[in-house]
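give me coordinates for this.
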Amino acid sequence: MRKRTVLVWVFIALLGCARPSWAGLYDPTQPLQPVPDPQEFLLRQLAELRSLGPPDVLLGGQTSAARDEALARIQHLRQQGERLSAADTAALGALLIRVRRTQPGGQDFEEALQVLEAARRRFPRDFYILTNLATAYQLTGRLDAAASLLQEALDYAPPELRTLERYHLQLVRERSREQVTLGLAPLDRLFLGPDRTPVRYVGPQGEWQVGTLADAERAKLPNGSVAEAMRIVQHLLLWFPDDARLMWQFGELANASGDLKTAALALGQAVYNFRLSTPQLKERRFILQEAVAWREVLGRAGDEDRQLAWLLQTVAASVPGLPQPDVSGVMVAQGVALPRPKDLFGGGLLIGGAGSSGEDPAEEPPVNWIATVSWQGWTAVGVGVAVMLLLFALQLREWLRKRTT
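Here you go, the predicted model:
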């Protein structure tokens, strides 16, 4: 046990030699950067940061190893008392914000506020203490005080951190002006164009689309770059890992970059993990999940012609009495088993429903329903199916063309 403790403090000492390179909530002795893989960032890195908070009693109340180490480091820093430097005091404040409280029954962030407010009196021009205190004010709902401190901190910010701090200030100012309903909050007006209009995540036709962003909207992002905007939002999420609206913003940017899996994951976390119920968000999450499922299925079909053949067979199987096209040659050439076509209109495709549970339907006596349909009815059905197949094929070809461009 003693050997493990020594190794932990040696590791902390080595980290203390590195320069900080992230914004908003600073531990000057332990820098933090987003991991390169966006899905790992969402599923592992942010989850580890959340695990520093108090344990959930509904999940057994078991603290994480990361929280135990953070609490041990807090105790070590507190033992130094007035000997703490400005950097160590900022680090103590950052850790207290991360863990929220060190004692059961305490008030969230109260200990961090006490440490950082006292530190501001000792070090009134220290950038890290000012920004950490501003973050504590933001998390406790004192947005005007947070904005004032962030504006002051910009005068002392290192040049490489000023851009990130300006976006932090923009976020706080926008939220201090708005009145939103809990659970129904809109996207933050985080990225603004030269005319101060916020970016709209829409395609060239002015409507939201899967995997694309209009050039006019892209130009409103930092340096006209989706990747740069994603980097900024990632940093914001590092110090606010529980923020559903930032998670939504990250998902929109991932969709704009064409990374549909990351986009669906981020929007799913905003809805399910943080209970953000804005209808626009929920609709886009559903569409993205369906798009990801379609891509995975179509990816197994091979080239464009084989994908179209399978889709035609699926549509034909969904219409009673419609003869199914012979695509066996394509299937044999493909050499893999595609999913069995489902009823698009009865049970739904890829989203479950009737006919997808795997249970055999109850045996019913045969009914000659064909004889009950007049020739006018069959004409209407035939015309409707023909139009539907034509539109479906045209839409598919347009989608596939966009994927290759």
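
please, where are all the helices along the stretch 101-250 of the chain?
110-122, 127-139, 143-153, 162-177, 215-218, 226-239, 244-256 (DSSP state H, counting those that start in this stretch).

could you dump those helices to JSON lines with distance to Ala65?
C-beta coordinates here come from the backbone N, C-alpha and C atoms, glycine included. Listed next are the helices of the stretch 101-250 of the chain as JSON lines, based on distance: least, Cβ to Cβ, whole Å:
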{"stretch": "helix 110-122", "distance to Ala65": "21"}
{"stretch": "helix 127-139", "distance to Ala65": "24"}
{"stretch": "helix 143-153", "distance to Ala65": "31"}
{"stretch": "helix 162-177", "distance to Ala65": "29"}
{"stretch": "helix 215-218", "distance to Ala65": "42"}
{"stretch": "helix 226-239", "distance to Ala65": "20"}
{"stretch": "helix 244-256", "distance to Ala65": "25"}
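
what helix or strand is the nearest residue to Glu111 once chain neighbours are set aside on?
Spatial nearest neighbour of Glu111, excluding adjacent residues (Cβ to Cβ, 6 or more residues apart in numbering): Leu96 at 4.9 Å. Assigned by DSSP states H and E, Leu96 falls within helix 86-99.

between that helix and helix 110-122, how many degrees?
160 degrees (axes from the mean of the first three to the mean of the last three Cα atoms, to 10 degrees).

tell me what helix 86-99 is packed against?
helix 65-78, helix 110-122, helix 127-139 (3 or more Cβ pairs under 8 Å, 6 or more residues apart in numbering; DSSP states H and E).

tell me the most buried of those?
helix 127-139 (a mean of 26; mean count of other Cβ atoms under 10 Å).

who are the packing partners of that one?
Using 3+ Cβ pairs under 8 Å, 6+ apart, helix 127-139 sits against helix 86-99, helix 110-122, helix 143-153, helix 162-177.

now with 6 Å?
helix 86-99, helix 110-122, helix 143-153 (3 or more Cβ pairs under 6 Å, 6 or more residues apart in numbering; DSSP states H and E).

angle of the longest one against helix 127-139?
Put plainly, it is helix 86-99. 20 degrees.

just to revisit the earlier point, identify whichever of the helices and strands packed on helix 127-139 lies nearest to Gln30.
helix 86-99 (7.1 Å; Cβ to Cβ).

from the chain's centre, how far out does that closest one sit?
Its chain's average C-alpha position is 27 Å from that of helix 86-99, according to Cα atoms, centre = their mean, to the nearest Å.

pull the CA atoms of that helix into CSV?
The C-alpha trace of helix 86-99 is given here as CSV (Å, rounded to 0.1, in the frame of the first residue of the first chain):
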residue,chain,number,x,y,z
ALA,A,86,-0.9,30.5,-6.7
ALA,A,87,-0.6,27.5,-9.1
ASP,A,88,-1.2,25.0,-6.3
THR,A,89,-4.1,27.0,-5.0
ALA,A,90,-5.7,27.1,-8.5
ALA,A,91,-5.1,23.3,-8.7
LEU,A,92,-6.9,22.8,-5.3
GLY,A,93,-9.8,24.9,-6.5
ALA,A,94,-10.1,23.0,-9.8
LEU,A,95,-10.1,19.6,-7.9
LEU,A,96,-12.7,20.9,-5.5
ILE,A,97,-14.9,21.8,-8.5
ARG,A,98,-14.4,18.4,-10.1
VAL,A,99,-15.3,16.5,-6.9
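
relative to helix 226-239, how tilted is it?
80 degrees.

can you tell me the average pLDDT over helix 86-99?
On average, the pLDDT along helix 86-99 is 96.

show me which residues of that helix are buried.
86-99 (16 or more other Cβ atoms under 10 Å).

now stretch 229-243
So stretch 229-243, judged by 16+ other Cβ under 10 Å, has buried residues 229-230, 232-241, 243.

quick one: distance of stretch 76-83 to the chain centre.
On Cα atoms, centre = their mean, the centre of stretch 76-83 falls 38 Å from the chain's centre.

stretch 222-241 now?
12 Å.

do stretch 174-186 as well
With Cα atoms, centre = their mean, you get 19 Å for stretch 174-186.

please apply the same query to stretch 278-285.
Taking mean C-alpha positions (Cα atoms, centre = their mean), stretch 278-285 and its chain are 13 Å apart.

find the nearest non-adjacent residue to the residue most central in space within the chain, please.
Nearest to the mean C-alpha position of the chain, by Cα atoms, centre = their mean, lies Ala266 at 2.2 Å. Leaving aside its chain neighbours, Ala266 sits nearest to Gly251 (3.2 Å; criterion: Cβ to Cβ, 6+ apart).
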